[in-house]
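Chemist: Would you be able to build a 3D model of this:
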Amino acid sequence: MQQDLQQLKLLSIFFYVWGGLACVGAVIGAISCVVAGGAMMSTSDDQSQAAGPFLIGIGIFVLVAGLFYGILAIMAGGKFKKHLGGYTYCLVISIITCISSFPIGTALGIFAIVVLMRASVKEVFKGQALPGTAPAPAIPPVS
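Modeler: Residues are numbered from 1 along each chain as shown. Presented below is the predicted three-dimensional model:
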């Protein structure tokens, strides 16, 4: 059905945008934590100086985790667009998005899960054709 293909295309766009926003948010969060940690280390208070490296470590963790999630979301967008395999991957990323990013990510994740649960969409991801469309061309193995 054309509706399934249109919704997969929409999910692809949404996950591209969501992944990009996650990467930008991770960079901004990491910069904030590192700057705050550096400012705390430059004070004369011993407790603040001890908390500075901890805050910098949190900033580095936020950067790595956010970029990792953002890249995974962008990859899911590509799989939604091509829909030639990656059904389980898209479902897992949709669940993670649903749980980790309230409220917009929750709406996106639920929409993705609802679309992915349709039998016709499962057939599209298996490489079978939708009714009224031509079958997907076979991809030759790489040797």
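Chemist: buried set for the helix or strand bottoming out on mean pLDDT in the chain?
Modeler: One helix or strand of the chain scores below all others by mean pLDDT, DSSP states H and E: helix 119-125, with a mean of 87. When burial is assessed from 16 or more other CB atoms under 10 Å, helix 119-125 yields the following buried residues: 121, 124-125. C-beta coordinates here come from the backbone N, C-alpha and C atoms, glycine included.
Chemist: Kindly report the same for stretch 99-119.
Modeler: 101, 105, 108-109, 111-112, 115-116.
Chemist: Out of these, which comes closest to residue 85?
Modeler: Of all the buried residues of stretch 99-119, residue 85 sits closest to residue 116, with 13.3 Å by CB to CB.
Chemist: can you pull the contacts of the residue nearest to that closest one when sequence neighbours are not counted?
Modeler: Leaving aside its chain neighbours, residue 116 sits nearest to residue 91 (5.3 Å; criterion: CB to CB, 6 or more residues apart in numbering). Residues near residue 91 by CB atoms under 8 Å, 6 or more residues apart in numbering: 112-113, 116.
Chemist: tell me the pLDDT at residue 89?
Modeler: As predicted, residue 89 sits at a pLDDT of 94.
Chemist: So it versus residue 49, what's the distance?
Modeler: Between residue 89 and residue 49 the distance is 44 Å, computed by CB to CB, to the nearest Å.
Chemist: How far away from the center of its chain is the longest helix seen in the chain?
Modeler: If you go by DSSP state H, the chain has its longest helix at helix 2-41. Its chain's average C-alpha position is 8 Å from that of helix 2-41, according to CA atoms, centre = their mean, to the nearest Å.
Chemist: now for that helix, which elements pack on it?
Modeler: helix 46-82, helix 87-100, helix 104-116, helix 119-125 (3 or more CB pairs under 8 Å, 6 or more residues apart in numbering; DSSP states H and E).
Chemist: what pLDDT, on average, does that helix get?
Modeler: 94.
Chemist: Which positions in that helix come out as buried?
Modeler: 4, 7-8, 11-12, 14-16, 18-19, 22-23, 25-26, 29-30, 33-34, 36-37, 40.
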